[in-house]
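Enquirer: have a look; sequence and predicted model below, questions after that.
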Amino acid sequence: MAHAAPVRAAPLDDQLCFALYTASRAIMGRYRPLLDALGLTYPQYLVMLVLWERGDCSVTGIGNALKLETGTLSPLLKRLEAAGLVTRTRRHGDERSVVVSLTPAGRALEARTAETQLRVGEATGLSCGEMVELREVLHQLSDRLRSGAPV
């Protein structure tokens, strides 16, 4: 009686998840020294991007924008507040809701990040069109994976 050959996983370099993982690590590696000079970690930078774009925002609103849970955000926000970049205040009429606001120092930091974004963008070697296309494909992939049937 013949034995069936074992099913083998695709090689590591053929895995989409591995390509995304290594690309993510590489781009964050480019950001790290530039953000270190600004006194920010990458997750803190993402929070600041939300606030620069939207202004005052609830913790829930920031979490929704970044696809992060409130429990993950709380320590980030505490550190940003300790650094003097944001303030957190309870919303009048709803003590459960916390609003995060930029301080003048937090607002001033936005101009300094523009150079960081340009340098990382240049390091990718992608044209503006290629960046837009890649970003759109990644957004579609994320949306499909979030809304897809459970595994």
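Expert: Great, that's in hand.

Enquirer: E115: what's its closest spatial neighbour, skipping adjacent residues?
Expert: Distance criterion CB to CB, 6 or more residues apart in numbering; nearest residue to E115, sequence neighbours excluded, is L34 at 7.9 Å. Yep, even glycine has a C-beta here, placed from its N, CA and C like the rest.

Enquirer: residues contacting the longest helix along the chain, please?
Expert: Longest helix in the chain, counting residues (DSSP state H): helix 16-38. Here helix 16-38 makes contact (CB atoms under 8 Å, 6 or more residues apart in numbering) with 12, 41-42, 44-45, 109, 112-113, 115-116, 119-120, 123-124.

Enquirer: mean confidence (pLDDT) on stretch 8-21, please.
Expert: For stretch 8-21, mean pLDDT rounds to 92.

Enquirer: compute the first-to-last residue distance for it.
Expert: 21 Å (CA to CA, to the nearest Å).

Enquirer: off-centre distance for that stretch?
Expert: 23 Å (CA atoms, centre = their mean, to the nearest Å).

Enquirer: repeat that for stretch 140-151.
Expert: That offset, for stretch 140-151, works out to 18 Å (CA atoms, centre = their mean).

Enquirer: so who does the most centrally placed residue in the chain touch?
Expert: Centroid-nearest residue in the chain: L46, 4.9 Å away (criterion: CA atoms, centre = their mean). For L46, the contact set (CB under 8 Å, 6+ apart) comprises L66.

Enquirer: this completes my enquiry, with thanks.
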